[in-house]
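Visitor: coords please:
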Amino acid sequence: MLRAFVIATFVLAAHFASAAENPVVEMQTSKGRVVIELWAEQAPVTVENFLRYVDGELYDGLIFHRVIPGFMVQGGGFDQDMVEISTFDAIKNEAKPTLKNDRGTLAMARTGVVDSATSQFFINLVNNDYLNQRGTSPRDFGYAVFAEVIEGMEVIDEIATVPTVTRRGHQDVPMEPVVIESIRRIESQAD
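Guide: Residues are numbered from 1 along each chain as shown. This is a model prediction of the structure:
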């Protein structure tokens, strides 16, 4: 009995130590605060890429430019005038069948080209199973999940309710901009 308790305690401690090593960022939006844990071990290239934008403060002042209730909210690519930002080079798509586009997860937006993700990300409002990797063709490759909301999902749900319009050739753009005021690393949830 004691041995089982010691093993269980060790397994739990290892899990929390591993989770504690993941970078955590705080996103301040015009609708409220969201805390996100990045999955550095499962998606190292994607997390490193995202943190380049975070550390360079390149997300500051951008908007959620695509909001579709019952699907997702997307940001990280346009300013309030719907001008697309300059980005770093596209990255390798790290989609895996084990990394699911479930409610509250963040994934990289991309074009029809598998390895085309740059700065844009989306937050899943529901389990979007059809966005998961199902094969190697561009259609089936999926969208790379790299993080999850650990606090503030109610803020994301509120963003999903804003009225949208077509603006500068883009559909589903919030009528009033929903601004990403900043995204910064934080040491832990306790900070």
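
Visitor: where does this protein have its least confident helix or strand?
Guide: Least confident helix or strand of the chain, by mean pLDDT, DSSP states H and E, is helix 2-21 with a mean of 49.

Visitor: now do stretch 91-103: everything it contacts.
Guide: 39, 42-46, 49, 105, 107-108, 110, 114-118, 124-129, 131-134, 141-146, 153 (C-beta atoms under 8 Å, 6 or more residues apart in numbering). In short, each C-beta sits where N, CA and C put it, glycine included.

Visitor: nearest residue to the middle of this protein?
Guide: For the chain, the residue nearest the mean C-alpha position is Leu106 (2.6 Å; C-alpha atoms, centre = their mean).

Visitor: quick check, it in a helix?
Guide: No - going by DSSP: H, G, I helix; E, B strand; the rest coil, the assignment for Leu106 is strand, not a helix.

Visitor: apart from its chain neighbours, what residue comes closest to it?
Guide: Counting by C-beta to C-beta, 6 or more residues apart in numbering, Ala147 is the residue found nearest to Leu106 once chain neighbours are left out, at 4.1 Å.

Visitor: got a list of what the one you found touches?
Guide: Contacts of Ala147 (C-beta under 8 Å, 6+ apart): 36-39, 43, 47, 50, 105-106.

Visitor: give the burial count for the nearest residue in space to Met72 that is not next to it in sequence, as a bare number.
Guide: Excluding the flanking residues, the one nearest Met72 by C-beta to C-beta, 6+ apart is Phe122, at 4.4 Å. Phe122 is flanked by 24 other residues according to other C-beta atoms under 10 Å.

Visitor: Phe122: which element?
Guide: Using DSSP states H and E, Phe122 sits within strand 121-124.

Visitor: each with direction, which strands does that strand pair with?
Guide: Applying DSSP bridges, strand 121-124 is found paired with strand 72-75 (antiparallel), strand 105-108 (antiparallel).

Visitor: quick one: distance of that strand to the chain centre.
Guide: On the basis of C-alpha atoms, centre = their mean, to the nearest Å, strand 121-124 sits 5 Å off its chain's mean C-alpha point.

Visitor: which SSE is immediately downstream of the helix or strand where Gln28 lies?
Guide: Using DSSP H and E, Gln28 maps to strand 24-29. Once strand 24-29 ends, the next helix or strand along the chain (criterion: DSSP H and E) is strand 32-38.

Visitor: in the following helix or strand past that following strand, what's buried?
Guide: Where DSSP H and E defines the elements, the next helix or strand beyond strand 32-38 is helix 44-55. Buried residues in helix 44-55, counted by 16 or more other C-beta atoms under 10 Å: 46-47, 49-51, 53-54.

Visitor: hang on, the earlier thing: how much space separates the residue nearest to Met72 from Ile186?
Guide: 22 Å (C-beta to C-beta, to the nearest Å).
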